[in-house]
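Colleague: here is the input, now give the coordinates:
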Amino acid sequence: MAKKIEKQIKLQVPAGKATPAPPLGPALGQAGINIGDFVNKFNEATREMMGDIIPVVISVYDDRSFDFALKTPPASSLLLKAIGQEKGSGKNATKKVGKITQKQLEDIAQQKMADLSANDVKAGAKIIAGTARSMGIDVAE
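Modeller: Next up, the predicted model:
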């Protein structure tokens, strides 16, 4: 018989750098998960993705065991990494923080295809371009 999922937790954690400190520890502790066990498994699974923020969905079962699924990094963090900035513009219409090419957009879309609601890479690049514009990044045509 399949285990019953009691709770699902969605978090964004730096790859390979999970620690029991807040905000991760309290969120896992409330769900009854062995925090050290999760931290070790997560860090091992994300060791090669160091430097990215990784969204993770943790399924907690009624016997306090858990599984987790890793997602692709958020489009915003991939865009900031591509242009070499720390953060986007607070005033995206007037203050621009960088430029991104169509090729870079397609590369990011290719990386995020599993999480995008697009049929192909060109459509995915348009979705990523919208995110870039909202962050104050100029999109080169």
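Colleague: from here on, just use CA atoms for contacts and neighbour counts.
Modeller: Noted.
Colleague: ok, and the closest non-adjacent residue to the spatially most central residue of the chain?
Modeller: The structure's the chain has its C-alpha centroid closest to Pro73; by CA atoms, centre = their mean the separation is 3.0 Å. In space, and not counting its chain neighbours, Pro73 is closest to Ile54: 5.0 Å by CA to CA, 6 or more residues apart in numbering.
Colleague: beta partners for that neighbour?
Modeller: With beta bridges defined as DSSP bridges, Ile54 has these partners: Val13.
Colleague: related to what we said a few turns ago, doesn't the residue nearest to the centre of the chain belong to a strand?
Modeller: No. In this structure, Pro73 is coil, not part of a strand, as judged by DSSP: H, G, I helix; E, B strand; the rest coil.
Colleague: mind pulling up the pLDDT for it?
Modeller: The model reports Pro73 with a pLDDT of 92.
Colleague: quick check, it in contact with Gly51.
Modeller: No. Judged on CA atoms under 8 Å, Pro73 makes no contact with Gly51 at a distance of 10.2 Å.
Colleague: tell me the domain ranges of this protein?
Modeller: Dividing the chain into domains by automatic domain parsing, as the record does, gives the ranges 5-70, 75-139.
Colleague: put together JSON lines for those domains, with mean neighbour count on each row.
Modeller: Putting those into JSON lines (neighbours: other CA atoms under 10 Å) gives the following:
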{"stretch": "domain 5-70", "mean neighbour count": "16"}
{"stretch": "domain 75-139", "mean neighbour count": "17"}
